[in-house]
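Engineer: What follows is a protein structure lacking sequence information:
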Ligand SMILES: C[S@@+](CC[C@H](N)C(=O)[O-])C[C@H]1O[C@@H](n2cnc3c(N)ncnc32)[C@H](O)[C@@H]1O
């Protein structure tokens, strides 16, 4: 029965067997061994307390690893058979008696390490058990706090349950470093996890609440700071997770539109609710009835209320304006009517004395002045934007802007131009990233209190601007949250930021400056003087003007560049800036590397003659070759005289070691946003259609004019544009054959993992070195031969060299029929030497049959 149970739970695993082999009383021993391997606490300990130690495998390990003459005390409810060098006794660790016994054994000593692997009878009722376990852990920690030395280590088992975080929080209060880990020997199916708490803070007084299960597991939602104990760390934050509201487990939320009118936080509603309804509840909402009849409640408004989640900024503004108007009609406090004292809904100014009148007039004048300034600034900004757009269309040069910005001083002009360029504007322009510029300019407008350039009623639109800013903030906040949750999104954003590195700097400083209403010119000057100085600026200016024609070298005419600057070409490899191109090429190179476990025959790698292979394989090789050339590898040794290996995509750069490379490769593949295979398959399909005449050049041009080519994203909310970019893409046809060819390519790349290729190359080099060494020795022997003339010696050495240089005739590939046990096995079958190829028996029969048929038809 007992054996059955062990089998049933899969207990007779390798750790179980190993424990038996090594004489440990339980497989748990390996958990401690592995924990100690990672954190190394046993070697440093002289006194150890093992709570819940039966049957005693942890004590065994401790006795083995700890220095001689260490004190090890083990306690458990169950009896522990004696272990040499270990004191054991039977007791319940939650009792005072146990504490006293330990005290008796330790006397004045303090423990360097306290271990706890306790588990109350797991298996009866999980919820109950997990709580008891957490409670037991807390009890163990209580004991640990009594006996641990300052800086000591507490290692405990915890079950991942609802109390897990609470326990961790407490540990964090009492130890400087807390880490949760799961050693390999701990079964994956088990919810157990081990927490290693290092650096006991040994506070003089510990708030009893820290060790009280009630306080820890129930009241932790609002933890009381333990001000008395020096361990309290205000920086420890408890993460707040929003779940469903109590009693409301639906994701779709709707509220009456009247609530939106009455609320003081309309943006919160727009951000969290799906629909505003006008349907009358049974009890009859008077406000809602009146609201429905208002002429302000137009069909547009009703449509917007239908689904708030699909609205853009424009619609949000529409709703918010509607709300303000309705509030005015209903006599609710609005921003315009409200006085500083918000508690009063409508403030009436009946009489105004002289002084107040003067103040009012002054205020009016001030307002006018500021709105005039605003208008001027906006006009200036619009002008600048236009110039930038002109620049993008190559109608003007950056120099024009620089000169204008810098004014009459010639040097200033240099500065300004430099700064334009420092911001990466020139290169961005060439890359068609003006969207970013416009966005940044718009943002600056925002920050400086200006609305979007399309609006003219700047005085009356203050509310709108504020709302817009709030909406922007909310959107940014949403993006931040998304980034926090989604590692992939974070990586993608990091990549984007990396690509836009120069631009980031610009927008960053831009934002800072704009807080003080600074324009582009102010940015330029401050950046310049702070960062690099005039010499650098001139240098940079020269460099960048030099760089300008480099773009022309891309072979594109100005018109072509403007054309390819369109967003539609953004994701297409081969079009766009060179960096992107290069990176994508690299990415493709890094793609689809199979796992290293696959065996590759050396002979296959070192084949001197090209074997006839499938056409797709050849295509792959050629492609890989082209790529290899495009990647600047410094691994010159590897490439020496090994042209046959060039077909293997090279992924090794400089001195990067393999693990590094593999790690990076993994990350790269995880972050890869564009499916290169799909794009290649599309390209192949297109090429095939062109080659077979199914499509003509004109068809392609025609297809180029589609809805995606004329995307007008002006005024659309960022989130919408982002979402569109992700999903609204041109669907190009992909044939089955193209997809199959790409799959084949992937398979071919996978079949030659770089690790194996490198190993094989290294082996080949090693063998060559050995041969050379042999040759040297033989030549030396010949040279020192006394019975030979100098000519004979020279001839013999010559012959040796010629023989060594002669290529060995290639061995014929042996065909091995895979039978029985050999089927599906990739390693070399027994007794087979040299090149071989495994074939299926059916394949050999088929081949023979084909040959027979061919011969017969010849005879006829
Ligand atoms: C997983 S075993 C410990 C294995 C041990 N670490 C080893 O290496 O052999 C869990 C132990 O916790 C003990 N235990 C549970 N509650 C206890 C309590 N209140 N006081 C003492 N021991 C307890 C159980 O008797 C059981 O032997």
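Structural biologist: Nice, thanks for sending it over. Note that the structure is predicted; figures quoted are calculated from it, not measured.
Engineer: Pretty sure residue 157 sits against residue 117.
Structural biologist: Yes. Using Cβ atoms under 8 Å, residue 157 is in contact with residue 117, at 5.1 Å. C-beta coordinates here come from the backbone N, C-alpha and C atoms, glycine included.
Engineer: Wasn't residue 183 part of a helix?
Structural biologist: No. Using DSSP: H, G, I helix; E, B strand; the rest coil, the secondary structure at residue 183 is coil, not a helix.
Engineer: could you list every residue that touches it?
Structural biologist: Neighbour list for residue 183: 30, 31, 34, 35, 38, 194 [criterion: Cβ atoms under 8 Å, 6 or more residues apart in numbering].
Engineer: Looking at these, which are in helices?
Structural biologist: 30, 31, 34, 35, 38 (DSSP state H).
Engineer: What distance do you get for the first one to residue 194?
Structural biologist: In this case it means residue 30. 12 Å (Cβ to Cβ, to the nearest Å).
Engineer: and the strand or helix carrying residue 150, average pLDDT?
Structural biologist: Using DSSP states H and E, residue 150 maps to strand 148-159. For strand 148-159, mean pLDDT is 93.
Engineer: Summarise which helices and strands it is packed against.
Structural biologist: Where contact means 3 or more Cβ pairs under 8 Å, 6 or more residues apart in numbering; DSSP states H and E, strand 148-159 is packed against helix 28-39, strand 111-116, helix 126-147, helix 164-174, strand 192-200.
Engineer: As a markdown table, those with distance to the ligand would be great.
Structural biologist: As requested, the helices and strands packed on strand 148-159 are exported to a markdown table (distance: least, Cβ to the nearest ligand atom, whole Å):
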| stretch | distance to the ligand |
| --- | --- |
| helix 28-39 | 4 |
| strand 111-116 | 7 |
| helix 126-147 | 6 |
| helix 164-174 | 16 |
| strand 192-200 | 9 |
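Engineer: okay, now residue 369: neighbour count?
Structural biologist: 10 (other Cβ atoms under 10 Å).
Engineer: before we move on, what about residue 148?
Structural biologist: Neighbours around residue 148, by other Cβ under 10 Å: 25.
Engineer: Please report the distance of it from residue 107.
Structural biologist: Counting by Cβ to Cβ - residue 148 and residue 107 are separated by 16 Å.
Engineer: cool, residue 170 as well?
Structural biologist: Residue 170 is 28 Å from residue 107, by Cβ to Cβ.
Engineer: who has more neighbours, the two?
Structural biologist: residue 170 (24 against 7).
Engineer: Surely that one touches residue 144?
Structural biologist: No. Using Cβ under 8 Å, residue 170 is not in contact with residue 144, being 11.5 Å away.
Engineer: Show me what from the protein comes close to the ligand.
Structural biologist: Counting by Cβ under 6 Å from any ligand atom, the chain comes close to the ligand at 25-26, 28-29, 52-58, 76-78, 92-94, 117-120, 136.
Engineer: Okay, and which of those residues map to strands?
Structural biologist: Among these, DSSP state E puts residue 76 in strands.
Engineer: Which of the residues of the chain next to the ligand are buried, as a ChimeraX select command?
Structural biologist: Applied in ChimeraX, the following selects the buried portion of these according to 16 or more other Cβ atoms under 10 Å:
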select :25,26,28,29,52,53,54,55,56,57,58,76,93,94,117,118,119,120,136
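Engineer: Poorly predicted segments of the stretch 151-300 of the chain, please.
Structural biologist: 219-251, 281-285 (pLDDT under 70).
Engineer: For the ligand, what's the nearest residue on it?
Structural biologist: residue 157 (7.5 Å; Cβ to the nearest ligand atom).
Engineer: Please report the distance of whichever residue of the stretch 301-450 of the chain sits closest to the ligand from residue 253.
Structural biologist: As assessed by Cβ to the nearest ligand atom, the ligand sits closest to residue 309 within the stretch 301-450 of the chain, at 50.8 Å. According to Cβ to Cβ, residue 309 stands 10 Å off from residue 253.
Engineer: quick one: residue 78 and residue 54 touch, right?
Structural biologist: Yes. With contact defined as Cβ under 8 Å, residue 78 reaches residue 54; the gap is 4.0 Å.
Engineer: in stretch 726-733, what's buried?
Structural biologist: In stretch 726-733, counting by 16+ other Cβ under 10 Å, buried: nothing.
Engineer: Report the contact partners of residue 39.
Structural biologist: Contacts of residue 39 (Cβ under 8 Å, 6+ apart): 153, 155, 179, 196, 198.
Engineer: Can you flag the buried ones in those residues?
Structural biologist: 153, 155, 196, 198.
Engineer: Would you check which pair of those lies furthest apart?
Structural biologist: The most widely separated members of the buried ones among the contacts of residue 39 are 155 and 198, with 9.3 Å between them, by Cβ to Cβ.
Engineer: just to revisit the earlier point, of residue 309 and residue 253, which one has the most company?
Structural biologist: residue 253 (13 against 10).
Engineer: Could you give the backbone dihedrals for that one?
Structural biologist: phi -120, psi 130 (degrees, to the nearest 10).
Engineer: mind checking how far residue 103 is from residue 97?
Structural biologist: Residue 103 is 11 Å from residue 97, by Cβ to Cβ.
Engineer: actually residue 116, not the one I typed
Structural biologist: 18 Å.
Engineer: Residue 106 now?
Structural biologist: For residue 106, the distance to residue 97 - Cβ to Cβ - is 15 Å.
Engineer: And these two? Which one has more around it.
Structural biologist: Between residue 106 and residue 97, residue 106 has the larger neighbour count (other Cβ under 10 Å), namely 17 against 9.
Engineer: pLDDT on the biggest helix by length in the chain, on average?
Structural biologist: The longest helix of the chain (DSSP H) is helix 354-392. Across helix 354-392, the average pLDDT comes to 76.
Engineer: Can you name every helix or strand that it contacts?
Structural biologist: Against helix 354-392 (3+ Cβ pairs under 8 Å, 6+ apart) you get helix 398-406, helix 425-431, helix 434-447.
Engineer: Can you name the residue of the stretch 101-250 of the chain nearest to the ligand?
Structural biologist: Counting by Cβ to the nearest ligand atom, the stretch 101-250 of the chain gets nearest the ligand through residue 117, at 3.4 Å.
Engineer: from what I can see that residue touches residue 159, true?
Structural biologist: No. Counting by Cβ under 8 Å, residue 117 stays clear of residue 159, with 11.9 Å between them.
Engineer: Buried ones in the helix or strand hosting residue 258, by neighbour count?
Structural biologist: Residue 258 is part of helix 257-262 when elements are defined by DSSP H and E. Across helix 257-262, burial judged by 16+ other Cβ under 10 Å covers 257, 258, 259, 260, 261.
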